[in-house]
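J.: Fold the following, please.
(2 chains)
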Amino acid sequence: MKNLNLYLILILSFPFTPPAQADPTSEIRIGSKKFTESVILGEAITQHLQVNGFKASHMDQLGGTRLLWKALVQDELDIYPDYTGTILYEILQDEEISSNADIQVALAQHGVSITDPLGFNNTYALGVTPQTAEQFSLKAISDLRQHPELRFGFTNEFMDREDGWPSLRDHYQLPQTAVRGLDHDLAYKGLQAGSIDLIDLYSTDAEIAYYQLSILQDDESYFPDYRAVILYRTDLLDRVPSIQTYLNQLAGVISETEMIDMNSQVKLEGRSEAEVAQSFLSLKFNTLSEIVVSSRWDRIISTTSEHLFLVCLSLGAAILVAIPLGIWGARNATLGQVILSIVGIIQTIPSLALLVFMIPLLGIGGPPALVALFLYSLLPIVRNTLSGLTGISIDVQESARALGLPAPARLKMIELPLAARSILAGIKTSAVINVGTATLGALIGAGGYGQPILTGIRLDDTSLILEGAIPAAILALLVQWSFDLAERTFLSPGLQMKQESTS
Amino acid sequence: MIRLKDISKSFDGNEVIHDLSLEVPQGKTVVLIGPSGCGKSTLLRLMVGLLWPDRGNISLFRENLTKNNVEILRQQVGFVLQDGGLFPHMTALQNIRLMADFLNHDHDATNNRITELHELTHIPKELLKRYPSELSGGQVQRIALMRALMLDPQILFLDEPLGALDPLNRVSLQDEMKTIFNQLGKTVVLVTHDMGEAASLADLIVIMKDGYLLQYDTLSTLSTDPADPFVTEFINAQRKPWQQLEDQIK
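T.: Sure thing, here's the model as predicted:
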């Protein structure tokens, strides 16, 4: 229910309250990126604040750096954990930074403050299997120059970061060309399966020990420090001045070994991030925070309600907009082409890109996901309304006019009923696509079946993936069946017989 | 009843009706006939405001046809298309009642009218529950005729109403229509390319060619006093089977 409540709050508060006017008693919003360590840190910050009497909530595994940073700057989040290297080379890449003080000044310009490092350094590293290391005698990154045939699989973020692959390649003069981007959690699997030879990884990854990977030494010292820090909105201090003390309590308490250990508890032992953060905090601060452990059924019920909320609202709005657009387009061929082209172009925008575009306008959570789903649902309905109306035979159109029916009555009594089969089919297509696309809502904190799928991929937990995938498939089938039923129930028998005789 | 004055109409720059005038007297059946593409169907559509002339004007019931009064005037005329133009999502009965119900006519009066029309068109009552896709071509045309007559219009327009029927159905419906028109005394404008049909139904015949009105007269005047060689040619072109037999014997 956590996420549902969150975005209900977001939706309800969005149109009414200007973001600048923060209520001091309002919830402190903590975000985390969609990898385990970030979720653990987000959970630790949240619990540490809760146990000290703050109202705090955690919007976990939201997405990548850009999304989290935008959400922080746009006042959709108050706090999230990040790394010094990321701040330097990605967030502040266009600014001249030479010292830690410079970082603080640069962040302050965005209204953001930073804590002291939490302790461990989770820098980038390149890893290979022990077999590969032995076969090609790889010890350091510079050894890669001798083996241009090696295939690299890097995270998409590493592929295009300022401090990622392109400048690493230039720094070490690496010759490899077989380089592709893929998800971090899938990269380990690719490495094990032998479809790639080398991956980028984080030095605190639990999998390094688990897969006994060999880390190549950064012998020409390329990778910068990636020390974990907490970023927070400076105006949070106006709301809750005491918070700085509690955030700084977390500085310097997490060593590299402790972080690797926490990561492996989640990834390899299957404990939840909340539990792991709880044990760690109780060890360090002798506190016991409350965590909610939800059963699988609780989770399915809450993800189902989130998913249905996303699908029903976005599809409903799409129907209300798309059918009039289709009617309008059917009146005038040129206009129809223009409308179809516009909704067609919207359809080609990648969903993740569309979600990111909308953060500045709508923040994170339910609203941007709803708007994205709404936009994606338009095309099939507009197209089918338009073709359904323009496909009505001239005879029928002429006789409707010749009877003396005014245009609104013709539309309601003759044209729309005759186009109903086509319109219904368009809505069905939209609904089925919508059910599938709504799983991406999890990337932006809107919950739904994407949440367990995302977590399942991250933790390599098949049962968790299925917990999202199976209900999503069932929902898609139910949608399909209910539309088939609606077609049989509501469509005039006269039209159904026609279909039978012509098919 | 219907008056067309100096009507011209073009499609995409091609003029298909040239400066045509025509007057249809009350209670008469006028048949528009001519080869394909002569403009007869276009002329019919101009009379109901389904198309608008580029020049000239059209009046129905002594009232000029404009975009403002076209819907009201259409409700006072009946229109039947070659394929009937029935609405496939409605039963035969719903098709017939549509306008009466739309105009909130009294329910009992509507039912009485439907019974009258039954007797007129010889359509069995149980057929009315069917959808157009379950009816034969002849039945569809009878239902379309019932729909056109529902509001008891003064004028009836028919665009090749028998064109899609087989010869047997054609003849029997042609006879029925002749009886109905005589019985009701309506003003009728009918488009056809079949001279036999025109001969059997028409009080007056309009012969058209390439968008021009060649002659407007009774059948007997057309044959005895043709205004153009084409009139004779067109009348004689439609040979009867027994005529062909005669020709062979000769």
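J.: From here on, just use CA atoms for contacts and neighbour counts.
T.: Will do.
J.: Please settle this for me: is residue B:15 part of a helix?
T.: No - assigned with DSSP: H, G, I helix; E, B strand; the rest coil, residue B:15 falls outside any helix and is strand.
J.: any idea how far the closest residue to it other than its chain neighbours lies from residue B:181?
T.: Nearest residue to residue B:15 in three dimensions, chain neighbours excluded: residue B:9, at 5.7 Å (Cα to Cα, 6 or more residues apart in numbering or on different chains). Distance, residue B:9 to residue B:181, by Cα to Cα, to the nearest Å: 30 Å.
J.: between the two, who's got more neighbours?
T.: Shown here are residue B:9 and residue B:181; by other Cα atoms under 10 Å in any protein chain shown, residue B:9 has more neighbours (23 against 17).
J.: If you average pLDDT per helix and strand, which one of chain A comes out bottom?
T.: Using mean pLDDT, DSSP states H and E, helix A:2-13 stands out as the lowest-scoring helix or strand of chain A, at a mean of 41.
J.: all strands of the chain, in order?
T.: Just going to use chain A. Assigned by DSSP state E, chain A shows strands spanning A:28-31, A:56-59, A:79-83, A:112-114, A:124-128, A:152-155, A:179-182, A:198-202, A:214-216, A:228-233.
J.: Hmm, no, I was thinking of chain B.
T.: In chain B, the strands defined using DSSP E lie at B:2-11, B:14-24, B:29-33, B:55-60, B:63-64, B:77-80, B:155-159, B:187-192, B:204-209, B:212-217.
J.: so residue B:58 bridges to which residues?
T.: residue B:4 (DSSP bridges).
J.: burial count for it?
T.: By the criterion of other Cα under 10 Å, residue B:58 has 25 neighbours.
J.: swap in residue B:194?
T.: The number of residues packed around residue B:194, counting by other Cα under 10 Å, is 16.
J.: Likewise for residue B:48?
T.: Residue B:48, neighbours per other Cα under 10 Å, totals 25.
J.: my guess is it meets residue A:402, correct?
T.: Yes - counting by Cα atoms under 8 Å, residue B:48 touches residue A:402, with 6.8 Å between them.
J.: How many residues are close by residue B:3?
T.: Using other Cα under 10 Å, residue B:3 has 18 other residues around it.
J.: separation between it and chain A?
T.: From residue B:3 across to chain A, the span is 18 Å (Cα to the nearest Cα, to the nearest Å).
J.: swap in residue B:31?
T.: For residue B:31 relative to chain A (Cα to the nearest Cα), the value is 19 Å.
J.: partners of that residue in the sheet?
T.: residue B:190, residue B:205.
J.: Who are the contact partners of residue A:166?
T.: A:159, A:160 (Cα atoms under 8 Å, 6 or more residues apart in numbering or on different chains).
J.: Could you do residue B:199 as well?
T.: Applying Cα under 8 Å, 6+ apart to residue B:199 gives the contacts residue B:219.
J.: now with 10 Å?
T.: Residue B:199 makes contacts with B:31, B:205, B:218, B:219, B:220, B:235, as judged by Cα atoms under 10 Å, 6 or more residues apart in numbering or on different chains.
J.: Also residue B:38?
T.: Contacts for residue B:38 (Cα under 10 Å, 6+ apart) come out as B:16, B:17, B:32, B:207, B:208, B:209, B:210, B:211, B:212, B:213.
J.: for residue A:203, same thing?
T.: Residue A:203 makes contact with A:120-127, A:215, A:226, A:256, A:259-260 under the criterion Cα under 10 Å, 6+ apart.
J.: Quick one: buried ones out of those residues?
T.: A:120, A:121, A:122, A:123, A:124, A:125, A:126, A:127, A:215, A:226, A:259, A:260 (16 or more other Cα atoms under 10 Å in any protein chain shown).
J.: Would you agree the last one is in contact with residue A:204?
T.: Yes - with contact defined as Cα atoms under 10 Å, residue A:260 and residue A:204 form a contacting pair (4.9 Å).
J.: Which neighbours do the two have in common?
T.: Residues touching both residue A:260 and residue A:204 (Cα under 10 Å, 6+ apart): A:37, A:120, A:122.
J.: Distance check, residue B:213 against residue B:220.
T.: 18 Å.
J.: who has more neighbours, those two?
T.: residue B:213 (22 against 11).
J.: and the gap between the residue nearest the centre of chain A and chain B?
T.: In chain A, the centroid-proximal residue (Cα atoms, centre = their mean) is residue A:443; its distance is 1.4 Å. Separation of residue A:443 from chain B (Cα to the nearest Cα): 45 Å.
J.: now swap in residue A:250 and tell me
T.: For residue A:250 relative to chain B (Cα to the nearest Cα), the value is 71 Å.
J.: Give me the nearest residue to that residue, chain neighbours excluded.
T.: Of all residues beyond its chain neighbours, the one nearest residue A:250 is residue A:118 (6.1 Å), with distances taken as Cα to Cα, 6+ apart.
J.: is it true that that neighbour touches residue A:248?
T.: Yes - with contact defined as Cα under 10 Å, residue A:118 and residue A:248 form a contacting pair (8.6 Å).
J.: More neighbours: the two, which one.
T.: Neighbour totals were compared for residue A:118 and residue A:248, and residue A:118 leads with 22 against 17 (other Cα under 10 Å).
J.: In terms of pLDDT, where does that one sit?
T.: In this model, residue A:118 is scored at 91, pLDDT.
J.: residues contacting it?
T.: By Cα under 10 Å, 6+ apart, the contact list for residue A:118 reads A:41, A:81, A:83, A:227-230, A:247-255.
J.: Of those residues, just the buried ones, ChimeraX syntax please.
T.: ChimeraX command restricting the contacts of residue A:118 to the buried ones, with burial defined by 16+ other Cα under 10 Å:
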select /A:41,81,83,227,228,229,230,247,248,250,251,254
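J.: measure the nearest residue to residue A:40 once chain neighbours are set aside to residue B:8 for me?
T.: Distance criterion Cα to Cα, 6+ apart; nearest residue to residue A:40, sequence neighbours excluded, is residue A:273 at 5.1 Å. Residue A:273 is 82 Å from residue B:8, where distance means Cα to Cα.
J.: One more: residue A:356?
T.: If you measure residue A:356 against residue B:8 using Cα to Cα, the figure is 60 Å.
J.: Get me the contact residues on chain B for chain A.
T.: Residues of chain B lying close to chain A (Cα under 10 Å from any Cα of the partner chain) are B:45, B:48-50, B:70-91, B:98-99, B:102-103, B:130-134, B:144, B:147-148, B:157.
J.: ok, now with 6 Å
T.: B:71, B:74, B:75, B:85, B:88, B:89, B:131 (Cα under 6 Å from any Cα of the partner chain).
J.: Mind giving me the PyMOL select for these, buried ones only?
T.: Only the buried entries of the residues of chain B next to chain A go into this PyMOL selection, using 16+ other Cα under 10 Å:
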select buried, chain B and resi 71+74+75+85+88+89+131
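J.: show me what contacts the one residue sitting closest to the centre of chain B?
T.: Residue closest to the average C-alpha location in chain B (Cα atoms, centre = their mean): residue B:158, at 1.8 Å. By Cα atoms under 6 Å, 6 or more residues apart in numbering or on different chains, the residues touching residue B:158 are B:79, B:80, B:190.
J.: Highest neighbour count among these?
T.: residue B:79 (31 neighbours).
J.: The nearest residue to that one once chain neighbours are set aside: neighbour count?
T.: Using Cα to Cα, 6+ apart and skipping the chain neighbours, the partner closest in space to residue B:79 is residue B:157 (4.7 Å). Residues lying near residue B:157 (other Cα under 10 Å) number 24.
J.: list the contacts for residue B:157?
T.: B:78, B:79, B:188, B:189, B:190.
J.: Closest to residue B:164 out of the shared contacts of residue A:260 and residue A:204?
T.: Using Cα to Cα, residue A:37 comes nearest to residue B:164 of these, at 76.7 Å.
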